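>>> what follows is a protein structure lacking sequence information:
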Ligand code: HSE
């Protein structure tokens with residue numbers, strides 16, 4: 001059996017997990033590991049510190065290294081480092097969702113020119129195999145829809161807000177204490193992380209380039225305990241959903257936002273930090289992939305899996321895994337959120353007077369919005385009332401217009417929240 005030399009860039013949680021898993025594969029030799037701080041104590045038995053370097057170019061420029069594993073993350077300076085690796089004809093295995101979502105197109109082009117490949121199973125949903133299945137065994141399909149929970153941190157926070165009735169702030173603090181959320185949680189809670197993963201997954205599912213800047217994105221920071229409670233009473237649970245749809249006219253609808261998900265829906269059952277992806281295609285029908293979306297070991301499973309598939313092919317060919325070569329030439333026509341159709345949950349604070357609900361109903365009707373459920377429970381101390389409306393399928397632009405008009409009225413004090421609904 002041939003042996004292969006690899007270099008690892010990044011030696012945090014995932015890098016350490018990859019290093020440990022690779023100890024069971026003697027035909028893979030780790031030649032160098034690039035880190036920020038070579039003097040930092042590593043929690044690995046009998047670790048040879050001579051492997052460490054603080055210069056990643058020692059890896060990407062080394063004639064001795066066949067494959068680069070990149071688990072450092074971020075766009076700068078990683079983009080330049082990986083460009084150099086590709087130009088030096090190294091294959092890459094990466095977990096870097098942000099880099100692929102923002103610069104994937106350029107990197108895949110450079111890879112193609114150099115006759116090398118980039119594998120990235122770990123970039124989307126950690127340990128769940130989804131990239132390789134879509135690119136290989138599902139390639140006979142026309143995929144029309146993907147809907148997923150792609151961020152474990154936000155799913156953990158929403159689960160705790162639902163099950164333990166915690167406030168957003170307390171649930172976030174717990175997620176930080178457990179190491180799910182970072183000190184600055186923006187990337188997770190504002191939906192950026194899920195949007196990067198959705199951009200990658202949509203590109204390979206719809207075979208068109210997706211522009212990350214055109215993905216509509218809302219995070220979970222505006223979800224209140226009251227929304228969770230009302231959703232529960234109406235038979236829903238709130239989840240951060242990454243949604244990608246190929247419309248009948250060929251346009252693509254891709255977005256990340258919180259949704260009320262009907263309790264009977266499979267995605268409503270996905271709790272804590274677990275990820276899940278539902279995919280619908282022809283001829284396969286509906287598929288669900290569920291598992292750990294992060295963590296050292298699950299993510300190492302995907303990184304090392306990519307690596308082993310790659311070396312198995314390299315034993316017999318210099319053109320490994322032809323499906324991994326990126327051939328997307330067409331750019332997706334991504335629709336604006338205003339042109340999407342959804343069912344809605346609207347939480348409204350109105351003043352307590354006769355006809356307030358009638359006014360809301362009339363205005364919604366004028367904007368082509370059909371109400372399916374309306375709920376008001378008593379009157380608040382300040383003589384206002386919270387009115388919850390669930391609508392039938394309506395156009396987002398019509399809903400936004402109705403809400404703007406509602407706010408012009410003296411009797412409407414506030415639109416507390418607008419969320420989309422998945423049944
Ligand atoms: N921070 C991510 C999550 C994992 O919470 O799911 C890495 O993308």
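Looks like it came in fine. Note that the structure is predicted; figures quoted are calculated from it, not measured. Residues are numbered from 1 along each chain as shown.

>>> so which residues on the protein come close to the ligand?
Along the chain, the residues adjacent to the ligand under the rule Cβ under 6 Å from any ligand atom are 151, 152, 153, 180, 188, 193, 293, 294. The way it works is simple: take the backbone N, C-alpha and C, and place the C-beta from them, glycine included.

>>> all helices for the chain, in order.
With DSSP state H as the criterion, the chain has helices at 13-22, 57-60, 78-87, 97-113, 131-135, 152-163, 168-177, 186-189, 192-206, 225-233, 296-314, 356-366, 396-407.

>>> out of the residues of the chain next to the ligand, grab the one that's most surrounded.
With neighbours defined as other Cβ atoms under 10 Å, the most crowded of the residues of the chain next to the ligand is residue 151; it has 31 neighbours.

>>> for the nearest residue to residue 403 once chain neighbours are set aside, give me its contacts.
The shortest distance from residue 403 to any residue that is not its chain neighbour, by Cβ to Cβ, 6 or more residues apart in numbering, is 5.1 Å, and that residue is residue 415. Residues near residue 415 by Cβ atoms under 8 Å, 6 or more residues apart in numbering: 346, 347, 348, 403, 406, 407.

>>> pLDDT score for residue 326?
Looking at residue 326, its pLDDT stands at 83.

>>> re earlier: so which of the contacts of residue 415 wins on neighbours?
Counting neighbours by other Cβ under 10 Å, residue 348 comes out on top of the contacts of residue 415 with 25 neighbours.

>>> pull the contacting residues for the closest residue to the ligand within the stretch 201-350 of the chain.
The shortest separation between the stretch 201-350 of the chain and the ligand is 3.6 Å, found at residue 294 (distances taken as Cβ to the nearest ligand atom). Counting by Cβ under 8 Å, 6+ apart, residue 294 makes contact with 126, 152, 180, 273, 275.

>>> adding pLDDT, write those residues out as CSV.
Supplementary listing: these in CSV, determined by pLDDT from 0 to 100:
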residue, pLDDT
126, 97
152, 97
180, 92
273, 97
275, 98
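
>>> list the buried residues in stretch 223-238.
223, 227, 228, 230, 231, 234, 236, 237, 238 (16 or more other Cβ atoms under 10 Å).

>>> show residues contacting it.
Stretch 223-238 is contacted from outside by 158, 161-162, 165, 167-168, 220, 258-263, 268, 345, 347, 373, 375, 386, 388, 390, 416-417, 419, 421, using Cβ under 8 Å, 6+ apart.

>>> going through the residues you listed, which ones are buried?
Among those, those classed as buried by neighbour count (16+ other Cβ under 10 Å) are 158, 161-162, 168, 220, 258-262, 268, 345, 347, 386, 388, 390, 416-417, 419, 421.

>>> quick check: closest non-adjacent residue to residue 83.
The shortest distance from residue 83 to any non-neighbouring residue, by Cβ to Cβ, 6+ apart, is to residue 110 (6.0 Å).

>>> make sure that neighbour is actually in contact with residue 89.
No. Taking contact to mean Cβ atoms under 8 Å, the distance of 10.8 Å between residue 110 and residue 89 leaves them out of contact.

>>> look at the two and report which has more neighbours.
Using other Cβ under 10 Å, the more surrounded residue of residue 110 and residue 89 is residue 110, with 16 against 12.

>>> now do the same contact list for that one.
For residue 110, the set of contacting residues under the criterion of Cβ under 8 Å, 6+ apart consists of 83, 86, 87.

>>> circling back: which of the contacts of residue 294 sits closest to residue 305?
Within those, distances to residue 305 taken as Cβ to Cβ reach their minimum at residue 126, with 11.7 Å.

>>> the closest one contacts residue 300, correct?
No. Taking Cβ under 8 Å as the definition, residue 126 is not a contact partner of residue 300, at 9.4 Å.

>>> which of the two has more residues huddled nearby?
When residue 126 and residue 300 are compared for neighbours, residue 126 comes out ahead with 28 against 25, by other Cβ under 10 Å.

>>> and residue 333, what is it in contact with?
For residue 333, the set of contacting residues under the criterion of Cβ under 8 Å, 6+ apart consists of 250, 251, 252.

>>> those residues into JSON lines, with extra columns for neighbour count and pLDDT?
Below are the contacts of residue 333 laid out as JSON lines (neighbours: other Cβ atoms under 10 Å; pLDDT from 0 to 100):
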{"residue": "250", "neighbour count": "11", "pLDDT": "97"}
{"residue": "251", "neighbour count": "13", "pLDDT": "98"}
{"residue": "252", "neighbour count": "22", "pLDDT": "98"}
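
>>> wouldn't residue 18 be in contact with residue 304 here?
Yes. With contact defined as Cβ under 8 Å, residue 18 counts as touching residue 304 (6.2 Å).

>>> which of the two has more neighbours?
residue 18 (29 against 22).

>>> residues contacting the more buried one?
Contacts of residue 18 (Cβ under 8 Å, 6+ apart): 8, 69, 71, 299, 300, 303, 304.

>>> same question, residue 111
By Cβ under 8 Å, 6+ apart, residue 111 lies in contact with 86, 92, 117, 118, 325, 326.

>>> any low-confidence regions in the stretch 101-250 of the chain?
With pLDDT under 70 as the threshold, the stretch 101-250 of the chain has no low-confidence stretch at all.

>>> all strands of the stretch 251-400 of the chain, in order?
The residue ranges that make up the strands of the stretch 251-400 of the chain, judged by DSSP state E, counting those that start in this stretch, are 252-262, 274-282, 285-292, 341-351, 371-376, 384-391, 394-395.

>>> now tabulate these in a markdown table and tack on distance to residue 96.
Formatted as a markdown table, the strands of the stretch 251-400 of the chain follow (distance: least, Cβ to Cβ, whole Å):
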| stretch | distance to residue 96 |
| --- | --- |
| strand 252-262 | 18 |
| strand 274-282 | 17 |
| strand 285-292 | 18 |
| strand 341-351 | 32 |
| strand 371-376 | 43 |
| strand 384-391 | 39 |
| strand 394-395 | 37 |
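
>>> pick the most buried one from those strands.
When neighbours are counted by mean count of other Cβ atoms under 10 Å, the highest per-stretch mean among the strands of the stretch 251-400 of the chain falls to strand 252-262, a mean of 24.

>>> by contact count, what packs against that one?
The helices and strands touching strand 252-262, judged by 3 or more Cβ pairs under 8 Å, 6 or more residues apart in numbering; DSSP states H and E, are helix 192-206, strand 216-217, strand 236-246, strand 412-422.

>>> rerun that using 10 Å as the cut-off
Other elements packing on strand 252-262 under the criterion 3 or more Cβ pairs under 10 Å, 6 or more residues apart in numbering; DSSP states H and E are strand 142-149, helix 152-163, helix 192-206, strand 216-217, helix 225-233, strand 236-246, strand 341-351, strand 412-422.
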